[in-house]
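Chemist: The sequence isn't on hand, but the structure is:
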């Protein structure tokens, strides 16, 4: 089948990493996949070349960019470009991801290829808590309208699906859960976290520890990692505060922050407020195309977000056999089994206690990491995601053959 995928940008975030995993697999199975995308913002990174290296055609859409601040002229330009591209490609399926690409891509599909199946994925949502109440209400109305002309709506977690139903975007039967999948191999090959002596935990495994060497971090030092955009919803300032509490108990502890974004000045200001010796042990790495070295270097992944769908960084950490400590938001509890593959908490003190507990108990930390690795291998591989998407597309195409337009929700 011919699949047109539309994303606002191929940055280092979860949606792009999932596309990087699934689409080369779909191509190997004989499908033609064309990815349409805008340009990432400064500091976000860009996975377009990696996707092209996997044999996927990537087309840049002029004017396609995120946010309500994008001028209507740009939105119209992006829609006209997609209409022309869809008319030429005549895809069997148009699959859009996240809000802006979802609005523009589905509108273009209805005009240019009305016979194509229209699929949209919510990777979490911005319908509550991101914008003032009147703006949120407007976005909900838009999504409700779009849902009526979308053949299938996908959510990355049960929690995201429940939110969409609660907000009246669509009825439960129209929204299917499609958990993320990523390329696991680079992470599965990493050695387990170090034992108390600083030696590899498993005989024969030889971690390179290049990131530790680059930042002069002793192999015996406990390292906490934070991976994600420096955006308000990620609450990276809170992560710095959690580290401050943990570092008071573990004087050698380090914090690695991989990501960039608009919150960077606030994060830097909060780091500067730490005691000088503690502040020197926080390393801002910026946006990284390859986060494997980060997962290799850390002992625990920390997430302090106020909202999540199902975070790809946590899947990566699990594949690397690193336990996660996180706020219990969105789909996180579906991914992190509290007390089994990681720990969940609600505030700074709880997060700090959880991190400190894992750093202080090597056996428990390693056991959680092993269980996490086993679990994601079964559920979140690139092949598993491709299987799920292929099944959804085939069901949608059968439905489209039966009716010209989907029934309203």
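Modeler: In hand now; what should we look at? In this text, all values refer to a predicted model and were calculated from it rather than measured experimentally.
Chemist: Let me see the mean pLDDT of the longest helix belonging to the chain.
Modeler: Longest helix of the chain, by residue count under DSSP state H: helix 382-402. Across helix 382-402, the average pLDDT comes to 94.
Chemist: which residues sit against that helix?
Modeler: Residues outside helix 382-402 that contact it (Cβ atoms under 8 Å, 6 or more residues apart in numbering) are 1, 3, 18, 21-22, 24-26, 29, 31, 92-93, 95, 115-119, 151-152, 154, 176, 178-184, 378, 406. All C-beta atoms are positioned from the backbone trio N, CA, C, and that covers glycine.
Chemist: these two touch, right, residue 236 and residue 256?
Modeler: No. If you go by Cβ atoms under 8 Å, residue 236 and residue 256 don't touch, sitting 12.0 Å apart.
Chemist: and for the two, which residues touch both?
Modeler: Jointly contacting residue 236 and residue 256 under the rule Cβ under 8 Å, 6+ apart are residue 226.
Chemist: Between these two, which is the more surrounded one?
Modeler: residue 236 (28 against 25; other Cβ atoms under 10 Å).
Chemist: Distance of the more buried one relative to residue 312?
Modeler: Between residue 236 and residue 312 the distance is 17 Å, computed by Cβ to Cβ, to the nearest Å.
Chemist: May I have the predicted confidence score for the closest residue to residue 396 other than its chain neighbours?
Modeler: Spatial nearest neighbour of residue 396, excluding adjacent residues (Cβ to Cβ, 6 or more residues apart in numbering): residue 117 at 3.7 Å. In this prediction, residue 117 carries a pLDDT score of 97.
Chemist: Next: the one 4 residues further on.
Modeler: For residue 121, the model assigns a pLDDT of 97.
Chemist: and the residue nearest to residue 396, how far is that from residue 81?
Modeler: For residue 117, the distance to residue 81 - Cβ to Cβ - is 21 Å.
Chemist: who has more neighbours, the two?
Modeler: Neighbour count, other Cβ under 10 Å: between residue 117 and residue 81, residue 117 has more, with 27 against 19.
Chemist: Could I get the full set of strands for the stretch 301-409 of the chain?
Modeler: For the stretch 301-409 of the chain, the strands defined by DSSP state E, counting those that start in this stretch occupy 324-327, 342-345.
Chemist: Among those strands, show me which one is buried the most.
Modeler: strand 324-327 (a mean of 26; mean count of other Cβ atoms under 10 Å).
Chemist: That one pairs with which strands, and in what direction?
Modeler: Using DSSP bridges, strand 324-327 pairs in its sheet with strand 300-303 (parallel), strand 342-345 (parallel).
Chemist: Could you pull out the buried residues of stretch 312-321?
Modeler: Neighbour-count burial for stretch 312-321, with 16 or more other Cβ atoms under 10 Å as criterion, is recorded at 312, 313, 314, 315, 316, 317, 318, 319, 320, 321.
Chemist: Lovely, talk soon.
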